[in-house]
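Engineer: Sequence and predicted structure are below.
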Amino acid sequence: MVSMNKLALDILEEVVSRASELGVDVLEIAGSTVVDMGVRARGGFEAGLYLSRICLGGLASVEITRIDYGDLVLPATQVYTSYPIEACMASQYAGWRISVGEYFAMASGPARALARKPKRLYEELGYSEESSEAVIVLETSRYPSREVVEYISSKTGVKPCDLYIVVASTNSVAGSVQVSARIVETGIHKLHTLGFNIKSILYGYGVAPIAPLHPDQLVMLGRTNDMILYGGEVFYIVEYSSDEELLEYIEKTPSTSSKDYGRSLAEKVRETGIEFLYKVDPGIFAPAVVEVNNIETGSVFRKGCVNIELIKKSISLKL
């Protein structure tokens, strides 16, 4: 298989060639190429699609669709992949916390595979790749400093001149799109925390509403998560020997299985600030609906439900 860093770079080069049209800015910091899709740059829905595909290492398709909740219609991301483990866990999963001085960002993208962040996950997946170029996505409201560039360069083993850093804030259009595009990954990650053998997942599909923007980044962090927890739906095709055991996992996967289900995270962040991430049950971070087709038996299981009222509450709060 072609390196995900190479695939992501091919996508990024297309973005750079259309920078003005897409509303993105391209600059150089400490020798690296930084592509701003939603920090100071305006960006937009199409930029968000490119950003999502880059996060997924070029191994998934991402499209804009819509979800109709009767008196509420929201744009949504639709994601599908034939490489769910590589695209979602080895690339898209925000498994690298970059903290250099006062700078902090959650890092996604195929550069993680070069830095092996987190190492235990890559050992479990049995995935590795080599590349002289690296593409990383930072969810942040600030441009990286020279020290940040040098840190990423040292961890990936790639020279700054061959390092491509894509940045977008959560409260940008592109940033909101790429969070909703994590719907397939969110379900896989929840299954992984439950001890499920995620290598048995052969294909993944998901759809999740895109959160309307709010100027407060913490509120947006809550809103974007609410879209997945209360509106996101996933469908996986798996190859599993036991339907009974598979069903036990599926019953525990949707956000409805969490003791904290039923509370808007956009509301909770108003009360507790960023600490809300550590004051809620980690099990809440899961799709609203999980549907699984076991190709060994032909069975289809569906658990969870879309909570329209909580979606409306999340996006209509006066904060």
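Structural biologist: Yep, it's here. Numbering: from 1, shown residues only.

Engineer: Just the element for the closest residue in space to A19 that isn't next to it in sequence, please.
Structural biologist: Residue nearest to A19 in three dimensions, not counting chain neighbours: V26, with 5.3 Å by Cβ to Cβ, 6 or more residues apart in numbering. Just so you know, the C-beta spots here come from the backbone N, C-alpha and C atoms, and that holds for glycine as well. Per DSSP states H and E: V26 is located in strand 25-29.

Engineer: can you list the domains in the chain?
Structural biologist: 1-54+94-169, 182-319 (automatic domain parsing).

Engineer: right, so of these, which gets closest to I67?
Structural biologist: domain 182-319 (5.2 Å; Cβ to Cβ).

Engineer: re earlier: among the domains of the chain, which comes closest to G175?
Structural biologist: domain 1-54+94-169 (4.2 Å).

Engineer: Show the average pLDDT along the closest one.
Structural biologist: Mean pLDDT, computed over domain 1-54+94-169, is 97.

Engineer: from here on, count from 351
Structural biologist: From this message on, residue numbering opens at 351, which makes the last subject domain 351-404+444-519.

Engineer: mind checking how far that domain is from the chain centre?
Structural biologist: Relative to its chain's centre, domain 351-404+444-519 lies at 13 Å (Cα atoms, centre = their mean, to the nearest Å).

Engineer: now stretch 524-531
Structural biologist: On Cα atoms, centre = their mean, the centre of stretch 524-531 falls 7 Å from that of its chain.

Engineer: which of the residues in that stretch are buried?
Structural biologist: 524-531 (16 or more other Cβ atoms under 10 Å).

Engineer: and what of stretch 373-386?
Structural biologist: So, applying 16+ other Cβ under 10 Å, buried residues of stretch 373-386: 373-376, 379-380, 382-386.

Engineer: Most widely separated two among those?
Structural biologist: Most distant of the buried residues of stretch 373-386, by Cβ to Cβ, are G373 and A380, 24.4 Å apart.
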